[in-house]
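Visitor: only the shape, not the letters, is given here:
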C-alpha cells in the first residue's frame, strides 16, 4: 500500500467549526513536516524505510494522500500510542465561545497526525471512519 498521512480531528472539542478544523488540519500537516525535517537520521534500516516512505508519499510535491478522521481525544491518544510515526497538534491559543458569546483562549490538543506506511498500521487504521 502507498503511504498515507492521517489527520485525526477532535470531535469532542468545544466550538470546533469547519473553518477552525481546516486551520487545525493545516497545523497538523506542518507538525508532521517539522517532525520529519527535524529527525536525526541514522543509517538504520528503519530510518531508510521511513525516508523512502515519506519521499514516496510526497511524490515530487510537498504532500501526498491525506485522510481526515474525526475522533474524541481518548481515541486520538490511542492512535498516537499505536502508530509509530505520529504526534498530537496543540494549539496554545485555541479560541472558543461560551453560550453567551464570550471568547476564551485555551491550550488544547486539537488534532493529531499519523504517518502510516506499514501493513499492520494500515490494518489498525481501517477501524476508523473518515471525517463527515
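Guide: Thanks, I have it. Keep in mind it's a predicted model, so treat the numbers as computed, not measured.

Visitor: any low-confidence regions in this structure?
Guide: Applying pLDDT under 70 to the chain flags the ranges 132.

Visitor: in it, which helix has the most residues?
Guide: For the chain, the helix reaching the highest residue count under DSSP state H is reported as helix 18-38.

Visitor: next SSE after that helix?
Guide: Where DSSP states H and E defines the elements, the next helix or strand beyond helix 18-38 is helix 45-58.

Visitor: hmm, who's touching the very next helix or strand once past that next one?
Guide: Later in the chain than helix 45-58, the nearest helix or strand by DSSP H and E is strand 66-71. Strand 66-71 is touched from outside by 4-11, 25, 29, 79, 128-132, with contacts defined as CB atoms under 8 Å, 6 or more residues apart in numbering. Every residue, glycine included, has its C-beta placed from N, CA and C.

Visitor: specify which member of the residues you listed is nearest to residue 112.
Guide: Using CB to CB, residue 8 comes nearest to residue 112 of those, at 4.7 Å.

Visitor: who touches that closest one in this structure?
Guide: 68-71, 75-76, 79, 111-114, 128.

Visitor: tell me the one among these nearest to residue 38.
Guide: Closest to residue 38 out of the contacts of residue 8 is residue 113 (14.2 Å), distances taken as CB to CB.

Visitor: what's downstream of the host helix or strand of the closest one, the next helix or strand?
Guide: Here residue 113 is covered by strand 103-116, with elements defined by DSSP H and E. On the C-terminal side of strand 103-116, the closest following helix or strand by DSSP H and E is helix 119-125.
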